[in-house]
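Q: Generate coordinates for the sequence data below:
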Amino acid sequence: MTMPQSSSKKQPAGWYTGRPRLRLSLYYARNAQHRTQLPMPDSAPRDLALDSRALAKAYAAGHSDKVLEMLHDWLAIYGGPSLLHPLSQHQQRAVNQGVESLVYYLTRPDLRFGKRAVRRLLKQHPVLTNVIALSDYRSSDHWLRNLLQRGGSMRIPAMLLHNARNGLAGDRATYFDLDADLASEWYGQYFFGVPGFASSIAQENLREHLTFWDERMQLPMSVSNGYMRSTYIDPTLDRVFKGNFNRLAQRVLGKVKIRNRPRGNRIGVITARWAPTHPTYKNRFPLFAALTDAFDLSLIHVGPKRDDLETSIFSSVHRVWLENGRFQSDFLFDNDLDILFFPDVGMSSESRYLSNMRFAPVQITTNSHPVSTFGSQIDYFLTGIESEEALERAPTHYSERLVLIPGIGTLPIKPSYLPQRKQARQNPLLIGCAWGALKFNHAHLQLLKTIADSSPVPVRYRFLPTLNRNSNYYLPFRHDLETILGGERVELFPSQSYERYMDCLAECALALDSFPFGGNTSIIDCLSLRIPIVTRKGWQFYNLAGPVLLERFGLGELNAESDAAFVRIALRLIADSEWRQRLMAPISRALVSQQMEATTDVDAFRKAMHYLIGHKAKSGKRAPLVFD
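A: Alright, predicted model coming up:
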């Protein structure tokens with residue numbers, strides 16, 4: 001059988017015959033002269049081609065499961081380490097032909113879709129989104145429009161091709177009409193199609209996705225994918241998604257048997273990220289260390305085993321993990337805890353489910369991932385008095401009762417590695433953006449474009465996200481950034497070691513914070529390196545902690561109250577090197593350490609834990625508990 005190609009010849013029904021609307025390979029060729037060659041290793045050599053002959057043979061023999069398996073295995077090639085450099089002509093051809101073949105076979109009327117095979121393909125949905133974005137087609141709109149019009153048996157291929165990069169909307173409910181189980185898997189995987197929200201199309205699609213909920217929704221692990229991302233997509237919509245998710249999780253998990261016999265002084269800390277390089281550990285370790293003289297602390301590690309856990313302050317270490325779709329633990333389901341402390345609900349998929357179960361009389365979360373759970377089984381949210389703009393509005397920000405202590409509510413430890421500050425690159429001027437991938441959004445990137453367009457000198461943005469190495473996010477995400485800013489203004493580093501990250505940041509003349517979800521640990525990194533950073537002041541911890549830190553260092557004039565002020569302050573920093581030096585001259589490493597130790601009152605934290613253990617009964621009161 002001859003595989004049809006994009007041409008003027010007549011193709012089977014449903015086949016897109018037009019030219020790709022954007023030649024990505026031409027885009028890269030035209031912009032290559034502006035692209036900075038980053039010190040990144042080449043991706044591992046891989047054969048990116050789909051075996052079209054074997055695929056045609058399996059299809060001709062009527063082996064539908066074999067066809068779907070081969071398509072899955074081809075996508076799995078791209079699910080490995082991301083390609084980091086522009087595709088060669090050979091690679092681009094392989095991607096284009098692979099995408100065309102995949103769409104051709106998925107849309108055959110006589111292809112039989114076994115449920116297991118479709119589920120496996122749906123788990124590759126984020127990879128497929130990025131493979132299509134790597135192709136010259138850029139999106140699946142060409143085919144999705146036709147499939148949605150045809151309906152019927154074409155709803156399964158439509159579901160597979162429907163992703164956050166589409167420029168047209170589909171009817172999500174029709175997928176649940178077809179199969180609620182598969183539609184639930186698709187719903188969750190859809191959130192992972194992009195690593196951040198530089199694309200305005202993707203961000204708007206994801207806003208719509210957050211507000212959609214079907215009462216037939218099932219609870220595969222992927223459904224929780226929107227939990228952490230919801231605040232980054234739109235902080236006004238996170239309570240909508242979380243409310244729906246929490247109700248479903250509590251209904252499904254409510255029958256799980258849990259035995260709890262409180263000891264009187266036992267606190268459990270449950271997290272997947274208690275390692276020295278992670279912000280959860282960095283912002284919490286001194287506080288929990290201060291409890292060891294009065295409380296028995298246990299670490300409950302979530303997820304796969306890891307070798308870098310820091311366990312020095314814990315009398316015991318336990319684990320909870322998923323096995324065959326069920327939670328397993330050597331401790332949690334039969335425990336003697338008085339308090340279970342979730343430092344970072346949302347950052348691991350397991351924590352999103354576990355926070356909807358009752359393991360201890362008192363359950364607390366805090367601002368390591370500084371957002372309310374909006375309706376889980378968490379009783380209290382511990383944060384700092386200075387990091388909440390208006391306490392009277394707390395009920396609109398949190399479903400938990402606030403526990404307030406002086407300061408910002410975290411006590412970070414100083415960076416474990418500080419490179420020698422280098423002479424900042426001047427032509428172009430290098431501006432650091434140490435943002436997690438989820439903190440990228442289209443509106444804030446437009447401010448960066450305004451800054452670059454108005455700058456008196458050429459500038460280049462050095463983006464240092466923690467970007468997933470797998471699923472081939474890198475090149476499509478870079479394309480999103482370059483579409484807004486221009487190729488000559490973008491340096492995008494993939495995930496790297498902490499030491500390498502600090503080395504890269506140290507070369508920048510100044511830095512800009514993200515918004516609306518701002519930085520905390522990244523602010524400390526900049527101050528430790530004596531790099532001035534502009535922040536955008538907001539309304540609660542995730543966009544107030546950074547500005548509060550700057551004010552403590554006497555750098556309040558770098559805090560912007562509006563977008564216009566953010567642009568104005570950034571342009572002044574760019575133009576005035578003497579001002580940059582004058583601002584940072586008083587900032588010594590000793591001062592950084594001193595101020596970090598003063599960000600939160602350890603005694604007040606200890607007092608709060610004593611109070612909560614002694615007052616386990618829920619009063620139903622919503623007024624914040626204040627300890628000073």
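
Q: how is this protein carved up into domains?
A: Per the record, the chain has its domains at 46-196, 259-411+603-626, 429-591, by the TED database.

Q: possible to save those domains as TSV with distance to residue 224, mean neighbour count and mean pLDDT?
A: Yep, even glycine has a C-beta here, placed from its N, CA and C like the rest. TSV is the format used below for those (distance: least, C-beta to C-beta, whole Å; neighbours: other C-beta atoms under 10 Å; pLDDT from 0 to 100):
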stretch	distance to residue 224	mean neighbour count	mean pLDDT
domain 46-196	7	19	95
domain 259-411+603-626	4	19	91
domain 429-591	15	20	95
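
Q: Just send those domains back as TSV, with distance to residue 202 too.
A: Converted to TSV, the domains of the chain look like this (distance: least, C-beta to C-beta, whole Å):
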stretch	distance to residue 202
domain 46-196	4
domain 259-411+603-626	20
domain 429-591	8
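
Q: among the ones you listed, which is nearest residue 253?
A: Residue 253 lies closest to domain 259-411+603-626 among these, at 5.5 Å (C-beta to C-beta).

Q: So what would you say the end-to-end distance of the closest one is?
A: With C-alpha to C-alpha, to the nearest Å as the measure, domain 259-411+603-626 spans 31 Å from end to end.

Q: go on, stretch 120-130?
A: 17 Å.

Q: Tell me who's in contact with residue 171.
A: Neighbour list for residue 171: residue 148 [criterion: C-beta atoms under 8 Å, 6 or more residues apart in numbering].

Q: hmm, try it at 10 Å
A: Contacts for residue 171 (C-beta atoms under 10 Å, 6 or more residues apart in numbering) come out as 148, 151, 155, 158, 162, 177.

Q: Among these, give me the pair with the biggest separation.
A: Largest separation among those by C-beta to C-beta: 162 and 177, giving 14.5 Å.

Q: on that earlier part again, which one of the contacts of residue 171 sits closest to residue 601?
A: residue 162 (50.3 Å).

Q: quick one: the closest one from residue 223, how far?
A: 17 Å (C-beta to C-beta, to the nearest Å).

Q: swap in residue 244?
A: 10 Å.

Q: likewise residue 529?
A: Taking C-beta to C-beta as the measure, residue 529 falls 40 Å from residue 223.

Q: roughly how far out does stretch 229-243 sit from the chain middle?
A: The chain centre lies 13 Å from the centre of stretch 229-243; the measure is C-alpha atoms, centre = their mean, to the nearest Å.

Q: same question, stretch 126-141
A: 20 Å.

Q: That stretch spans what distance, first to last residue?
A: 16 Å.

Q: ditto for stretch 460-470
A: Distance between the two ends of stretch 460-470: 26 Å, counting by C-alpha to C-alpha.

Q: Same check on stretch 171-185?
A: Terminal-residue distance, stretch 171-185 (C-alpha to C-alpha): 16 Å.

Q: And stretch 403-419, by the same measure?
A: 38 Å.

Q: repeat for stretch 531-539
A: End-to-end distance of stretch 531-539 (C-alpha to C-alpha): 25 Å.

Q: again, but for stretch 400-417
A: 36 Å.

Q: Sticking with the nearest residue to residue 524 once chain neighbours are set aside, tell me its helix or strand.
A: Using C-beta to C-beta, 6 or more residues apart in numbering and skipping residues adjacent in sequence, the residue nearest residue 524 is residue 412, 5.6 Å away. Secondary-structure assignment from DSSP states H and E places residue 412 in no helical or strand segment.

Q: Before we move on, what's the pLDDT of residue 412?
A: We have a pLDDT of 74 for residue 412.

Q: Quick check: the gap between it and residue 589.
A: 14 Å.

Q: repeat for residue 416
A: Remark: distance between residue 416 and residue 589 (C-beta to C-beta) = 13 Å.

Q: same check, this time on residue 189
A: From residue 189 to residue 589 the distance is 45 Å (C-beta to C-beta).

Q: Surely residue 280 is in a helix?
A: Yes - assessed with DSSP: H, G, I helix; E, B strand; the rest coil, residue 280 lies in a helix.

Q: There's contact between it and residue 347 in this structure, I believe.
A: Yes - Residue 280 is in contact with residue 347 according to C-beta atoms under 10 Å; the separation is 7.1 Å.

Q: shared neighbours of those two, anything?
A: In contact with both residue 280 and residue 347: 271-273, 368-369, using C-beta under 10 Å, 6+ apart.

Q: what's around residue 420, how many residues?
A: Neighbourhood size, residue 420 [other C-beta atoms under 10 Å]: 7.

Q: Mind listing residues that contact stretch 54-72?
A: Contacts for stretch 54-72 (C-beta under 10 Å, 6+ apart): 1-3, 50-52, 74, 79, 98, 101-102, 104-106, 108, 110-114, 116-118, 120-124, 127-128, 160.

Q: so of those, which ones are in helices?
A: 52, 74, 98, 101-102, 104-106, 116-118, 120-123, 127-128, 160 (DSSP state H).

Q: who's in contact with the nearest residue to residue 372 once chain neighbours are set aside?
A: Once flanking residues are discounted, residue 372 sits nearest to residue 398: 4.2 Å by C-beta to C-beta, 6+ apart. When contacts are counted by C-beta under 10 Å, 6+ apart, residue 398 touches 239, 365, 371-374, 378, 380-381, 383, 388, 540, 622, 624.

Q: One more: residue 583?
A: Counted by C-beta under 10 Å, 6+ apart, residue 583 has contacts 510, 530, 532, 553-555, 557-558, 573, 576.
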